[in-house]
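Everything below, folded, please.
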Amino acid sequence: MRNPALDAFRGLTVFLMLLVNNLPPGAPAWMAHGPFGRSYYLADWVFPWFLLAMGAAIPFSRRGFLRRGLPPWRYEVRVLRRAFGLFLLGLGLTSLRAGRPVFALDVLQLLALAYLVGAWLYDLPPLRRLFLALLLLLGYGAALLLVPIPGVGAGVFREEANLPLHLNRTYLAPLGLRGLLSAIPTGGFVLLATFLGEALVEGRRAWTLALGLLGLALGLAGSPLLPPDKTYWTPTYLLLALGLGAPLLLLLERLPGWLLRPFLPLGANPLLAYALPLALKTLLQAPLRALLTALTLRFGAALGGWAWSALYILGWWFVFFWLYRLGWSLRL
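As a prediction, the model looks like this:
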């Protein structure tokens, strides 16, 4: 099962990713990542919206599996295979960027862990699933505020002193597991996003809007206690991402199909659209930098920089347009 609005939402998120990863010098500050505790700039929404789309896609995948009449254990194996494959792909990209084999948690590894939580727990009854999703999100937030940090105390969440930072430095970083705690709130977020997918499957637009308003209200209400921060995946940050992402998805669902088409080539192949540009940008740093330099020398820093960003995005769009036409995609 596929949903054009969900594919377009993924495509829009990929477009934003390509844009914010290749901003020209002098781009407005609001287009990059926000500072600590203020993760509401443009670039800050890319990763959580990938998670949102991943969670919303789980009901479509599960129902398509059930319609084929396959035994339940096959679904469990597929969930594990996808999570494992995504984790391995992430390790490959991390090692490529480091120039040596590295075991560490990065974007795709965290996506894999969050997907594993959301997909494996999706079959729980709805009320239990909702309770568990909120428990993972809000329980993590409560731990940030209540668990004392050695030498600092409880109730402290600053950039230079907070619970995840202490645990990462003391216990997780030596094992290559820095950021592992982020799987708790992101897993809860993916599980919460499955309700958004169910609303799309069943055509319940009011539920989609209600879920977005709930996320927005909870995120704004909790921000004075725990500011929205991407580095440590605070619940307020994720709930605000839900509050903005759900209405956007609802808007895309109401748009005519021809307006969605430009985003479908990117949205139908999101994994490759993330991995391939990152890998080639790592391998072709010198020629890409030379092209940026040539454009800025020819047209000036501002115009040349934006020309570089536009050419980069347009070039990748044509690549994925032809892959879309040929029906080629990377699926795990």
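
can you give me the helices for the stretch 51-200 of the chain?
72-98, 107-120, 126-146, 163-167, 183-201 (DSSP state H, counting those that start in this stretch).

Just send these back as JSON lines, with mean pLDDT and distance to Ala290 too.
C-betas here are computed from N, CA, C, even on glycine. As requested, those are exported to JSON lines (pLDDT from 0 to 100; distance: least, CB to CB, whole Å):
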{"stretch": "helix 72-98", "mean pLDDT": "93", "distance to Ala290": "20"}
{"stretch": "helix 107-120", "mean pLDDT": "96", "distance to Ala290": "27"}
{"stretch": "helix 126-146", "mean pLDDT": "95", "distance to Ala290": "45"}
{"stretch": "helix 163-167", "mean pLDDT": "95", "distance to Ala290": "38"}
{"stretch": "helix 183-201", "mean pLDDT": "95", "distance to Ala290": "37"}
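
In JSON lines: those helices, plus distance to Gly155.
Shown next, in JSON lines, are the helices of the stretch 51-200 of the chain (distance: least, CB to CB, whole Å):
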{"stretch": "helix 72-98", "distance to Gly155": "34"}
{"stretch": "helix 107-120", "distance to Gly155": "27"}
{"stretch": "helix 126-146", "distance to Gly155": "6"}
{"stretch": "helix 163-167", "distance to Gly155": "10"}
{"stretch": "helix 183-201", "distance to Gly155": "19"}
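
Point out the most buried one among those.
Across the helices of the stretch 51-200 of the chain, the average number of neighbours (mean count of other CB atoms under 10 Å) peaks for helix 183-201, which reaches a mean of 25.

Check which helices and strands the helix or strand just after that one sits against.
Moving toward the C-terminus from helix 183-201, the next helix or strand (DSSP states H and E) is helix 205-222. With contacts taken as 3 or more CB pairs under 8 Å, 6 or more residues apart in numbering; DSSP states H and E, helix 205-222 sits against helix 183-201, helix 235-254.

Name the residues that touch helix 205-222?
For helix 205-222, the external contacting residues (CB atoms under 8 Å, 6 or more residues apart in numbering) are 141, 195-196, 198-200, 228, 235-247, 249-250, 253-254.

Dump the helix-or-strand element of the chain with minimal mean pLDDT to CSV, restricted to CA.
Lowest by mean pLDDT, DSSP states H and E among the helices and strands of the chain is helix 285-299, with a mean of 87. Once non-C-alpha atoms are left out, helix 285-299 reads as follows in CSV (Å, rounded to 0.1, in the frame of the first residue of the first chain):
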residue,chain,number,x,y,z
GLN,A,285,34.6,16.7,-2.0
ALA,A,286,37.3,18.3,-4.1
PRO,A,287,35.4,18.7,-7.4
LEU,A,288,32.2,19.8,-5.7
ARG,A,289,34.2,22.4,-3.7
ALA,A,290,35.8,23.5,-7.0
LEU,A,291,32.4,24.0,-8.6
LEU,A,292,31.2,26.0,-5.7
THR,A,293,34.3,28.2,-5.9
ALA,A,294,33.9,28.7,-9.6
LEU,A,295,30.3,29.8,-9.2
THR,A,296,31.0,32.2,-6.4
LEU,A,297,33.9,33.7,-8.4
ARG,A,298,31.7,34.1,-11.4
PHE,A,299,28.5,35.4,-9.9
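
List the buried residues of that helix.
Within helix 285-299, the residues that qualify as buried are 291-292, 295-296, counting by 16 or more other CB atoms under 10 Å.
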